[in-house]
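>>> Need a 3D model of the sequence below.
(2 chains)
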Amino acid sequence: AQTVTQSQPEMSVQEAETVTLSCTYDTSENNYYLFWYKQPPSRQMILVIRQEAYKQQNATENRFSVNFQKAAKSFSLKISDSQLGDTAMYFCARTGGNTGKLIFGQGTTLQVKP
Amino acid sequence: DTEVTQTPKHLVMGMTNKKSLKCEQHMGHRAMYWYKQKAKKPPELMFVYSYEKLSINESVPSRFSPECPNSSLLNLHLHALQPEDSALYLCASSQDRGLAGTDTQYFGPGTRLTVL
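Numbers count the residues shown, from 1 in each chain, chains lettered A, B, ... in the order given. Predicted structure coming up:
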């Protein structure tokens, strides 16, 4: 099965600290994209960061960075200097072949505490 | 500009009503998607339109009827829904249909649907 697994249903972090959300996936494809989406309580699904599988360099977007380990099929998200506005559900996802489908993990609920 | 808009934000309807959800994007994207999302769950794909043609129907019941009038607009027509259809309905768009697995999907804010 082509799955995406997020093993941490819930996490919490103190404001200004660093937190890492884990994601592993299964695929037999060689070319695919990986994504982290954020969905705050307002429910808007927002793209946080994306990684192209053929690129070895880890993607970064301001306080957000990924640790992409292609051989291990691992794609973790690191949030530095956590802010209260980072409180949200985070979904890891990957593209699924040529179908246009996104395959999502079950999500990790992150709470940033003041 | 990575904006996808959806109207209405909230919708309450009875099981005998007919209503429509609307989605619009002006990013020149040629693929558009409907998802259904239950609370604390990932989105579930319903339909995919590519170049204004329906390309994927994930075995969705016929009480949901999608329509793509042009490349910027996507509608979801609702009829004879059941209470279990209550959910957040998300629209998304991407540049093409994900050929070579490279699409990035951008989501709208969703329509929260309640079926009484």
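>>> tell me the contacts of residue A:78?
Residues near residue A:78 by Cβ atoms under 8 Å, 6 or more residues apart in numbering or on different chains: A:18, A:19, A:20, A:64, A:65, A:66, A:67. Yep, even glycine has a C-beta here, placed from its N, CA and C like the rest.
>>> cutoff 7 Å now
The contact partners of residue A:78, by Cβ atoms under 7 Å, 6 or more residues apart in numbering or on different chains, come to A:18, A:20, A:65, A:67.
>>> Quickly list what the spatially most central residue of chain B is bridged to.
Nearest residue to the geometric centre of chain B (Cα atoms, centre = their mean): residue B:34, 2.5 Å. For residue B:34, the beta-bridge partners are residue B:47, residue B:91 (DSSP bridges).
>>> show me what contacts it?
Residues in contact with residue B:34 (Cβ under 7 Å, 6+ apart) are B:46, B:47, B:66, B:74, B:76, B:89, B:91.
>>> how does it look with 8 Å?
Per Cβ under 8 Å, 6+ apart, neighbours of residue B:34: B:23, B:45, B:46, B:47, B:64, B:66, B:74, B:76, B:89, B:90, B:91.
>>> tell me which of those is nearest to residue A:114?
residue B:90 (30.1 Å; Cβ to Cβ).
>>> Looking at the contacts of residue B:34, which is nearest residue A:51?
residue B:45 (21.2 Å).
>>> need the strands for chain A, in chain order.
A:4-5, A:10-14, A:19-21, A:24-25, A:33-39, A:46-52, A:60-61, A:64-69, A:74-79, A:88-96, A:101-104, A:108-113 (DSSP state E).
>>> Toward the C-terminus, what is the element adjacent to the lowest-mean-pLDDT helix or strand in chain B?
The weakest-scoring helix or strand in chain B, judged by mean pLDDT, DSSP states H and E, is strand B:53-57 (a mean of 90). Per DSSP states H and E, the first helix or strand lying C-terminal to strand B:53-57 is strand B:64-70.
>>> And the next helix or strand after that next one, what does it pack against?
Downstream of strand B:64-70, the first helix or strand assigned by DSSP H and E is strand B:73-79. In terms of contacts (3 or more Cβ pairs under 8 Å, 6 or more residues apart in numbering or on different chains; DSSP states H and E), strand B:73-79 is packed against strand B:18-25, strand B:31-37, strand B:44-50, strand B:64-70.
>>> okay, the ones you listed, which one's buried deepest?
Highest mean neighbour count among the helices and strands packed on strand B:73-79 (mean count of other Cβ atoms under 10 Å in any protein chain shown): strand B:31-37, with a mean of 24.
>>> Now do that one: distance to the chain's middle.
Chain-centre distance of strand B:31-37: 4 Å, with Cα atoms, centre = their mean, to the nearest Å.
>>> Over to stretch A:41-54?
The answer for stretch A:41-54 is 7 Å, by Cα atoms, centre = their mean.
>>> what's the first-to-last distance across it?
End-to-end distance for stretch A:41-54: 33 Å, by Cα to Cα, to the nearest Å.
>>> what about stretch B:108-116 and chain A, any contact?
Yes: Stretch B:108-116 is in contact with chain A by Cβ under 8 Å from any Cβ of the partner chain, via B:108, B:109, B:110, B:112.
>>> low pLDDT regions in chain A?
Of all residues in chain A, those with pLDDT under 70 make up the ranges A:1-2, A:97-99.
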